[in-house]
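Asker: Sharing a model prediction with you, sequence too.
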Amino acid sequence: MAVRRGVWLVVALLSVAVLISVAGLTLTALFVGRGPQVAGNSVLMVRVTGGLQEVEPGGVLGQLLESPPTVRSLTDSLRKAKVDRRVTGVIIRPAGTAALWAKVQEVRDAIVDFRTSGKPIIAYLEQGGEQEYYLASACDKVFLMPTASLDLTGIATYELFLRGTLDKIGAYPDALHVGEFKTASNIYTEKTYTPSHREMAESLNRDLYDQLVAGIADRRHKSEDEVRSLIDHGPFLPEDAVRAGLIDDVAYEDELDDKVQLGSGTPRFLPLRDYKHVPARSLGLNKGPRIAVLYAVGVISTGESSNDGAQVLGSDTIVQQLRKIRADDSIRAIVLRIDSPGGSAIASDVIWREVMLTRAVKPVIASMSDVAASGGYYIAMPAHQIVAEPATLTGSIGVVMVKFVIDGTLDKLGMNMEQVTDGRFADMYSPVRPFSPEERKKVEEQMQATYEAFVEKAAAGRQTTPERIDSIAQGRVWTGQQAKELGLVDELGGLSRAVALAKARASIAEDAEVELVIYPQPKSFYELFQAPFGAETPAMMRALLGRQEGKAVEALTTPLRLFRRGEPLALMPNVFLR
């Protein structure tokens, strides 16, 4: 009876999905291409949330329901507002912090660019942490809610170590790595920082702190020493922040138009959720020669890309997209937009090969977002030029592999696992014993070969020697700013800078407008019908049918679930920043 109810529930869900699909496509036909009406003397309200994404969710629901703004929707809206005579000013409302900093820097760059229009852009803070204030400081003026504090105290990095937990449950992580700083497996194998791990963490943290200080000093007209001293005295009460010159005044949101002239007459407030649908072409933007922007987002794995609980960058999907772009004669150049900590070394090499084939036909520029490290750096290497934000985490040229030995866990649970084998090394990946010395030697040889290939290809891409790359590789993660100094990236900046370089490579005039063609492209009716809720449909079905066994564990071990046994990984460590 329960099974029958479950079947009927699935049938009902699919019926609803079809209706939603039809309704969604009807609404799209009615409204897409007909942007919202923008009145004169409008003030654009831009709320910048902490969970900035590169791409919007798929499926009909993802297209119909209002999703949080992406990096591109924010920066594009500011670019449109810059030339739109109907928009007389902008209010930025940072709300919530992100895990990393590069996307925040990209939005900040767009704010700085908007200021060249001469139109006012002000920031309003209901809460003021480091990232919120870093964004706000790029504006003409900064206002803080009277009852809030400016929580400016510096940069802290957090890394989680699970070895003690694994010991308690009788699990042993048998890990191997190539590279002194390849610390991706340390979350499982260590209880605290190793000396190399701490050295790398301190270097990253200090560089990001210096970038925060420099950014505030530049926009608030203070010396860097003054800013460091102020940070050491934070957090600040509102009146103390005003006296320190960190903010301009305190105010409630409804008082802003009394404190700043945002246009002539009474301003009309225009939400970003409406303005982002204004066609750029109606303002003379996003037209002309075509440049593809291919998004490569998520943990790299073989097969298709998905977003089933975690973003997965599938090598098959990226290869198909690159071949499609390569065959389109109207596309003059390609920007490969990467936000990935890496993953499978095999899948990374598959993508690397396809980028190599593509660069022989058309200019390819890599644009790095928050993270383009390990496998994420691997797929960027063939690009003609690489662009990163100063806070991008990149590099991590190294290899790691982990197998979990769970005989102790099984024993605690009263379980026993036996095996039957044929072949000398048939059970080398056995989950109930560590590698033997002979097996370990074979795995290390494979990993060393993968590392050497990584280094050689990086050297070829960077036009230097393998020895030079090896000296700055060793699995070490660098900020984009450090990577620029080391020659791992060519220029600092965001997607707009990468597009400018692509234009130059494609012999397009510097001041010419171009049309950005986004890949992967929107799904067809048939694709939406197949998966009306996006890639999450299988997970939703399991939830509705009550098949939730082990979901919490799956979520925690997503990177490990994606890979085949014994697969060398080009994966960077987890880093949490505040």
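Answerer: The structure has been received and is ready for your questions.

Asker: how would you label Val293: helix, strand or coil?
Answerer: Using DSSP: H, G, I helix; E, B strand; the rest coil, the structure places Val293 in strand.

Asker: didn't it look like it was pressed against Ile338?
Answerer: No. The pair Val293 and Ile338 fails to qualify as a contact (C-beta atoms under 8 Å) at a distance of 11.3 Å. The way it works is simple: take the backbone N, C-alpha and C, and place the C-beta from them, glycine included.

Asker: ok, those two, which is more surrounded?
Answerer: Ile338 (30 against 20; other C-beta atoms under 10 Å).

Asker: What's opposite that one in the beta bridge?
Answerer: Ala296, Met368 (DSSP bridges).

Asker: same deal with the one 4 residues further on?
Answerer: According to DSSP bridges, Leu571 are recorded as the beta-bridge partners of Gly342.

Asker: tally of neighbours for it?
Answerer: The number of residues packed near Gly342 is 29, by other C-beta under 10 Å.

Asker: so how far is Gly480 from it?
Answerer: Using C-beta to C-beta, to the nearest Å, we find Gly342 at a distance of 16 Å from Gly480.

Asker: One more: Pro120?
Answerer: To Gly480, Pro120 is 30 Å away according to C-beta to C-beta.

Asker: neighbour count winner among those two?
Answerer: Taking neighbours as other C-beta under 10 Å, Pro120 and Gly480 compare with Gly480 leading, 29 against 19.

Asker: pretty sure that one contacts Pro390?
Answerer: Yes. Taking C-beta under 8 Å as the definition, Gly480 is a contact partner of Pro390 at 5.1 Å.

Asker: Overlap in contacts, the two.
Answerer: By C-beta atoms under 8 Å, 6 or more residues apart in numbering, Gly480 and Pro390 have these common neighbours: Ala102, Leu492.

Asker: Which parts of the stretch 51-200 of the chain are helices?
Answerer: Under the criterion DSSP state H, counting those that start in this stretch, the stretch 51-200 of the chain contains helices at 59-64, 71-83, 102-115, 130-136, 163-168, 186-189, 195-220.

Asker: Minimum distance to Phe425: which of the ones you listed has it?
Answerer: helix 186-189 (23.2 Å; C-beta to C-beta).

Asker: center of the protein - which residue?
Answerer: For the chain, Asp339 is the residue whose C-alpha lies nearest the centre (C-alpha atoms, centre = their mean; 4.0 Å).

Asker: Distance check, that residue against Pro434.
Answerer: For Asp339, the distance to Pro434 - C-beta to C-beta - is 35 Å.

Asker: Please apply the same query to Arg337.
Answerer: With C-beta to C-beta as the criterion, Arg337 and Pro434 are 41 Å apart.

Asker: cool, and Arg505?
Answerer: Remark: distance between Arg505 and Pro434 (C-beta to C-beta) = 50 Å.

Asker: Neighbour count for the two, which is higher?
Answerer: Neighbours were counted for Arg505 and for Pro434 using other C-beta under 10 Å; Arg505 has more, 18 against 14.

Asker: Could I get the phi/psi values of that one?
Answerer: Torsion angles at Arg505 (phi, psi; degrees, to the nearest 10) stand at phi -70, psi -30.

Asker: Contact partners for the nearest residue to it once chain neighbours are set aside?
Answerer: What sits nearest to Arg505 in space, not counting adjacent residues and going by C-beta to C-beta, 6 or more residues apart in numbering, is Pro363, at 3.4 Å. Residues near Pro363 by C-beta under 8 Å, 6+ apart: Arg332, Ala333, Ile334, His384, Ala502, Arg505, Ala506.

Asker: Now for those, which sits with the most neighbours around it?
Answerer: With neighbours taken as other C-beta under 10 Å, the top of these is Ile334, carrying 31 neighbours.

Asker: Which strand or helix spans it?
Answerer: strand 331-340 (DSSP states H and E).

Asker: how far out from the middle of the chain is that strand?
Answerer: 14 Å (C-alpha atoms, centre = their mean, to the nearest Å).

Asker: Also stretch 206-226?
Answerer: Computed by C-alpha atoms, centre = their mean, the chain-centroid distance of stretch 206-226 equals 24 Å.

Asker: Numbering from 733 from now on, please.
Answerer: Yep, numbering from 733; the last one is stretch 938-958 now.

Asker: Dump it to PDB, keeping only the CA atoms.
Answerer: Extracted in PDB, the C-alpha atoms of stretch 938-958 (Å, rounded to 0.1, in the frame of the first residue of the first chain):
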ATOM      1  CA  ARG A 938      47.900  38.000   5.300                       C
ATOM      2  CA  ASP A 939      47.600  38.700   1.600                       C
ATOM      3  CA  LEU A 940      43.800  38.900   1.800                       C
ATOM      4  CA  TYR A 941      44.100  41.200   4.900                       C
ATOM      5  CA  ASP A 942      46.500  43.500   3.000                       C
ATOM      6  CA  GLN A 943      44.000  43.700   0.100                       C
ATOM      7  CA  LEU A 944      41.200  44.600   2.500                       C
ATOM      8  CA  VAL A 945      43.400  47.300   4.100                       C
ATOM      9  CA  ALA A 946      44.500  48.700   0.700                       C
ATOM     10  CA  GLY A 947      41.000  48.800  -0.700                       C
ATOM     11  CA  ILE A 948      39.600  50.700   2.300                       C
ATOM     12  CA  ALA A 949      42.600  53.100   2.400                       C
ATOM     13  CA  ASP A 950      42.200  53.900  -1.300                       C
ATOM     14  CA  ARG A 951      38.500  54.700  -1.100                       C
ATOM     15  CA  ARG A 952      38.300  56.400   2.300                       C
ATOM     16  CA  HIS A 953      41.400  58.500   1.700                       C
ATOM     17  CA  LYS A 954      43.500  57.200   4.500                       C
ATOM     18  CA  SER A 955      47.000  55.700   4.800                       C
ATOM     19  CA  GLU A 956      47.200  51.900   5.100                       C
ATOM     20  CA  ASP A 957      48.800  52.300   8.500                       C
ATOM     21  CA  GLU A 958      45.800  54.300   9.600                       C
END
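
Asker: Now tell me what touches that stretch from outside.
Answerer: Residues contacting stretch 938-958 (C-beta under 8 Å, 6+ apart): 833, 837, 840, 862, 865-866, 869-870, 886-887, 959-960, 962-963, 977-978, 1122-1123, 1211, 1213-1214, 1309.

Asker: before we move on, what about stretch 999-1013?
Answerer: With contact meaning C-beta under 8 Å, 6+ apart, stretch 999-1013 is reached by 765, 767-768, 770-779, 798, 801, 805-806, 808-809, 811-813, 816, 819-821, 823, 989, 1018-1019.

Asker: Ranking the helices of the stretch 783-932 of the chain by mean neighbour count, which comes first?
Answerer: helix 862-868 (a mean of 25; mean count of other C-beta atoms under 10 Å).

Asker: Please settle this for me: is Glu1150 part of a strand?
Answerer: No. Counting by three-state DSSP, Glu1150 is not found in a strand; it is coil.

Asker: can you tell me how far it sits from Phe1157?
Answerer: Glu1150 sits 18 Å away from Phe1157, going by C-beta to C-beta.

Asker: Name the residue in the two with the higher neighbour count.
Answerer: Neighbours per residue (other C-beta under 10 Å) separate Glu1150 from Phe1157, with Phe1157 holding more: 11 against 5.

Asker: which residue sits closest to that one, ignoring its sequence neighbours?
Answerer: Of all residues not flanking Phe1157 in the chain, Glu1171 sits nearest, at 6.3 Å (C-beta to C-beta, 6+ apart).

Asker: Can you name the helix or strand that that neighbour falls in?
Answerer: Counting by DSSP H and E, Glu1171 is part of helix 1169-1194.

Asker: Show me what whichever helix or strand comes after that helix is packed against.
Answerer: Once the chain leaves helix 1169-1194, the next helix or strand it forms, by DSSP H and E, is helix 1198-1204. Where contact means 3 or more C-beta pairs under 8 Å, 6 or more residues apart in numbering; DSSP states H and E, helix 1198-1204 is packed against helix 1169-1194.
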